[in-house]
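Colleague: Structure for the following, please:
(one chain, ligands or ions: 1)
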Amino acid sequence: MDWAGRLAPYPSDTVRQYRASGLWGTRTVATELHEVAVRRAPHPAVVAAEGSLSYAELDKATDRLALGLSNAGLAPGDRVVVQLTNRLESIVAWYGMLKAGLIPVCTLAAHRAHEIGPISRKVGAVAHLVEWSPSGFDLVAFAVEQQVDHPTMRLVLTAGAPAGAPGTSIERLADTDPALARERVEAIQAAIDPDDIVCFQLSGGTTGVPKVIPRLHAEYWYNARSYAEAGGWDESTRVAHLIPIIHNAGITCGLHATHSVGGTLVLGTPVLDQALPVVARERTTDVLIGHGHFGIVDHPLFEEAMTAMKRVVLSGAKVPARVFEAFESRGVWVGQKFGMGEGFFTMSTAASTREARLTTVGVPVSPYDEFRVLEPGTETEVPDGAVGELACRGPYTIRGYFDAPGINSSAFTSDGFYRTGDLVAVRTVGGERSISVEGRLKDLINRGGEKVSAEEVETLLMRHPRIVAAAVVAMPDERLGERACAYLVTAGEPLTMSEVQNHLSSLSLAKFKWPERLEWIPELPRTPLGKLDKKLLQRDITAKVTTGR
Ligand code: AMP
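Modeller: This next block holds a predicted model:
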């Protein structure tokens, strides 16, 4: 595709080096999957509560969907906004889209018009794929509404919808000839450059609307492969994934990494009561646990879920010793992972000492990853042990957000290192030069892995006529790690929580971003230099929460 300057490329000599070193392949992600599927045909590729698919079945089902999508007029390079949860049909939809040469835009099922509208216009989406959900929010009706006044959008696709529902059902589209389907997929894939965009992910983002991350076929598959290698995975590995699958960690660590080694994905929902029986029944060997799920160690099915477990990787926040020890005492290897949609992953290694696995997020997963710890706002490195901003570059870290030259000039260093906004220190523990996460510069709330931009919520809060100032900060939460608390200044009577919720709902902001506590104050505190003093608010809410006020 010609992205006409909207895609920041990797320098061509760097690409040559990654390819010559065997890091980047020459195939598209869909072709990589097909090659593994041929080799592992009778073995289970994915197992979920609602059923399972062998590699051969997955390969066939996704070929047929690709032909259906292609016959429906979707052409290679077309962007599809995706709102699907962790169900078997989401996996078929994912590879089906890739096989048709389509570019999935990975938004969350929880996103609403405030997020979907601008993202879908920015990427010029032509289709919107949503899940049929018989109860709760009606995503199909939402997608139909989103088509209005959308210059490029022309098709609502549905997954799991009954006959007669609005939109075009992907299950009914897919009912076509398997041989013809394979032929069409091969023709489509042969024309795709492995260095072209495979999907768009969304950045956690600190700005008004999430930034769009373009991931490329070869580097994205390499990212997954190197994660699987770091975990010591092989064909016998059975990987459970419980956090959203259509998200970077889901696609990379759950789906692609598992399939890159021919293993089995055990797909669960984020609800432990539903997921853990499947995890136990499928004799799962590996799982990535986000901090929203650290409470798994107190779940009545925990013991059962650990029966065949070999390795558990914890991620998203500082790991409490109690959680670490609960896994360890069941004979499970426990490590940590740190990573982001923009690329760069670190992980504990098989050689990491217990102390390194407990207190650090490990080392980069690729020998070609590069990182620096910088004095914030500069390109000056700080010495090991000192805290600074992590900046990284390497064989699967983007060189720029999609169509964002203004943002890219400050989000990357002059030599292409991505400034993560995370505060880290390098510590040598047990002989390994490991990264320890110490905090963050970026103004966001990490709610069980979902990122909430403080600025985005503040701007919307201040659209209410009775709110004159707003500061959103993270308040500690035992289950989710953090939740949003809004400090507000009113012109008149303070609003009730439900008035604030109605206001944010009327602005179509995703619910997980709504503040869950309101603190009304006469004015927002300022530093001696007149800047908003969020640190003080942070300390205030932390003290209140920890003392139960
Ligand atoms: P995302 O792109 O949504 O995966 O979010 C990436 C961000 O999540 C990172 O830049 C960090 O701020 C945060 N994060 C990821 N892993 C960890 C971890 N192990 N510890 C602390 N923060 C983390």
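
Colleague: Give me the contact list for stretch 18-37.
Modeller: With contact meaning Cβ atoms under 8 Å, 6 or more residues apart in numbering, stretch 18-37 is reached by 10, 15, 45, 55-56, 58-59, 62, 66, 95, 98-99, 185, 189, 192, 194-195, 198, 217-222, 226, 256, 259-260, 262, 366, 368, 395. For every residue, glycine as well, the C-beta is placed using N, CA and C.

Colleague: how about 7 Å then?
Modeller: Around stretch 18-37, the neighbours that count as contacts under Cβ atoms under 7 Å, 6 or more residues apart in numbering are 55-56, 58-59, 95, 98-99, 185, 189, 192, 194, 198, 217-222, 256, 259, 262, 368, 395.

Colleague: Among these, the buried ones, what's the ChimeraX command?
Modeller: Buried residues among those (16 or more other Cβ atoms under 10 Å), as a ChimeraX selection:
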select :55,58,59,95,98,99,185,189,192,194,198,217,218,219,220,221,222,256,259,262,368,395
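
Colleague: Please look at residue 524 and residue 471 and confirm they touch.
Modeller: Yes - Residue 524 is within contact range of residue 471, at 5.4 Å (criterion: Cβ atoms under 7 Å).

Colleague: if you count what's nearby, which of those two comes out ahead?
Modeller: A direct count of neighbours by other Cβ atoms under 10 Å for residue 524 and residue 471 places residue 471 higher, at 24 against 17.

Colleague: State whether the more buried one and residue 532 are indeed in contact, as I suppose.
Modeller: Yes - counting by Cβ under 7 Å, residue 471 touches residue 532, with 5.9 Å between them.

Colleague: Show me what from the protein comes close to the ligand.
Modeller: The chain comes close to the ligand at residues 204, 248-249, 315-317, 336, 338-341, 361, 420, 422, 437, 440, 451, as judged by Cβ under 6 Å from any ligand atom.

Colleague: give me the number of residues near residue 370?
Modeller: 16.

Colleague: List the contacts of it.
Modeller: For residue 370, the contacting residues are 392, 393, 394, by Cβ under 7 Å, 6+ apart.

Colleague: Show me what it bridges to in the sheet.
Modeller: For residue 370, the beta-bridge partners are residue 393 (DSSP bridges).

Colleague: Look up how far residue 418 lies from it.
Modeller: 11 Å (Cβ to Cβ, to the nearest Å).

Colleague: chain center to the helix or strand hosting residue 66: distance?
Modeller: Assigned by DSSP states H and E, residue 66 belongs to helix 55-71. The chain centre lies 25 Å from the centre of helix 55-71; the measure is Cα atoms, centre = their mean, to the nearest Å.

Colleague: Out of the contacts of stretch 18-37, list just those in strands.
Modeller: residue 198 (DSSP state E).

Colleague: just checking, which of the contacts of stretch 18-37 belong to helices?
Modeller: 55-56, 58-59, 95, 98-99, 185, 189, 217-222, 259 (DSSP state H).

Colleague: Identify, from those, the entry nearest to residue 400.
Modeller: Comparing those against residue 400 with Cβ to Cβ places residue 219 closest, at 13.5 Å.

Colleague: Nearest residue to that closest one in space, please, no chain neighbours.
Modeller: Closest residue in space to residue 219, ignoring its immediate chain neighbours: residue 396 at 4.5 Å, by Cβ to Cβ, 6 or more residues apart in numbering.

Colleague: How about residue 224?
Modeller: Residue 224 sits nearest to residue 256 (Cβ to Cβ, 6+ apart), 3.4 Å away.

Colleague: roughly how far apart are that neighbour and residue 215?
Modeller: In terms of Cβ to Cβ, residue 256 sits 10 Å off from residue 215.

Colleague: cool, and residue 478?
Modeller: Counting by Cβ to Cβ, the gap from residue 478 to residue 215 is 34 Å.

Colleague: Pick out whichever of those two has more residues nearby.
Modeller: residue 215 (25 against 9).

Colleague: residue contacts, the residue nearest to residue 41 when sequence neighbours are not counted?
Modeller: In this structure, residue 41 finds its nearest non-sequential neighbour in residue 56, 4.0 Å apart by Cβ to Cβ, 6+ apart. Residues in contact with residue 56 (Cβ under 7 Å, 6+ apart) are 37, 41, 42.

Colleague: any idea how far the last one lies from residue 296?
Modeller: So that's residue 42. From residue 42 to residue 296 the distance is 32 Å (Cβ to Cβ).

Colleague: the more surrounded of the two?
Modeller: Between residue 42 and residue 296, counted using other Cβ under 10 Å, residue 296 has the larger neighbour count: 22 against 8.

Colleague: Then that one would be within a helix, right?
Modeller: Yes - when DSSP: H, G, I helix; E, B strand; the rest coil is applied, residue 296 is found to be in a helix.

Colleague: is it true that it touches residue 289?
Modeller: Yes - if you go by Cβ under 7 Å, residue 296 and residue 289 touch, sitting 6.3 Å apart.

Colleague: how is the chain carved up into domains?
Modeller: 362-394+402-442, 444-547 (automatic domain parsing).

Colleague: closest one to residue 1 among those domains?
Modeller: The nearest among the domains of the chain, by Cβ to Cβ, is domain 362-394+402-442 at 12.0 Å.

Colleague: ends of that closest one, how far apart?
Modeller: 22 Å (Cα to Cα, to the nearest Å).

Colleague: same check, this time on stretch 318-338
Modeller: For stretch 318-338, the first-to-last residue distance is 10 Å (Cα to Cα).

Colleague: ok, back up a step: select from the residues of the chain next to the ligand every entry located in strands.
Modeller: Per DSSP E, the subset of those in strands is 315, 336, 338, 339, 340, 420, 422, 437, 440, 451.

Colleague: hmm, back to that, which neighbours do residue 471 and residue 532 share?
Modeller: Overlap of the contact sets of residue 471 and residue 532 (by Cβ under 7 Å, 6+ apart) consists of residue 524.

Colleague: and stretch 375-389, how far apart are its ends?
Modeller: Distance across stretch 375-389, first residue to last, is 6 Å (Cα to Cα).

Colleague: Can we start the residue count at 355 from this point?
Modeller: Understood, numbering begins at 355; the last thing we discussed is stretch 729-743.

Colleague: can you pull the buried residues of that stretch?
Modeller: Neighbour-count burial for stretch 729-743 [16+ other Cβ under 10 Å]: 736, 741, 742, 743.

Colleague: quick one: buried residues of stretch 855-863?
Modeller: Buried residues in stretch 855-863, defined by neighbour count with 16+ other Cβ under 10 Å: 855, 857, 858, 862, 863.

Colleague: which residues touch the strand or helix carrying the first one?
Modeller: In this structure, residue 855 is located in helix 851-860 according to DSSP H and E. For helix 851-860, the external contacting residues (Cβ under 7 Å, 6+ apart) are 814, 818, 868, 869, 872.
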